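>>> sequence first, predicted coordinates after that:
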Amino acid sequence: MLPILNFPKFNFKLKKNGQNELEIFDISRKKFVLITPEEWVRQNALWYLVEVKQYPLSLIELEREINLNGTKKRFDLLVKNRAGDVELLLECKAPEVKLSQATFDQINRYNSIVKSRILWLTNGVEHFAYVKTGNAYNSLNDVPEYV
């Protein structure tokens, strides 16, 4: 049973693989991926951005590698604007993981590389969005609509 998250209900394509594990069709990567707790959150967040906030799927990247001080890291999701600049960076955690200052510090370290204007943290139950203005982050009520 998949945990209930604080997102609208979406019409996901689910299937069992050969090992009887549940997989979900990822509309961005165009393939079925194993559902882990964090992947369940990531897929809900992706659909929220595309279906509710109208972000173009073509501008979204999932799980790409970045080099952070000589260490390879992977961000969960980012959205570029039509000019190619990073507009939104998302960090997903499993529903049972509490969002904390450490979570914010993690996304902020990733953002030192990708330079996003908007940061979004979610564990599927709690959501925190911030917009960067100068060197400060201001809290948002929700992720903004795509413009």
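It's in. Numbers count the residues shown, from 1 in each chain.
>>> count the residues that sit near Leu77.
Neighbours of Leu77 under the rule other Cβ atoms under 10 Å: 20. Every C-beta, even on glycine, is put in place using the N, C-alpha and C of the backbone.
>>> now swap in Val86 and tell me
For Val86, using other Cβ under 10 Å, the count is 19.
>>> give the contact list for the residue nearest to it when sequence neighbours are not counted.
Once flanking residues are discounted, Val86 sits nearest to Ser116: 4.3 Å by Cβ to Cβ, 6 or more residues apart in numbering. Applying Cβ atoms under 8 Å, 6 or more residues apart in numbering, one finds that Ser116 lies in contact with 78, 86-89, 132.
>>> what do you get for Val52?
Counting by Cβ under 8 Å, 6+ apart, Val52 touches Pro8.
>>> for it, give its distance to Leu89.
Distance, Val52 to Leu89, using Cβ to Cβ, to the nearest Å: 18 Å.
>>> show me what contacts Val33?
Shown in contact with Val33 (Cβ under 8 Å, 6+ apart): 23-24, 26, 39.
>>> closest to Glu61 among those?
Closest to Glu61 out of the contacts of Val33 is Asp26 (12.0 Å), distances taken as Cβ to Cβ.
>>> test my guess that the closest one contacts Leu62.
Yes: counting by Cβ atoms under 8 Å, Asp26 touches Leu62, with 7.0 Å between them.
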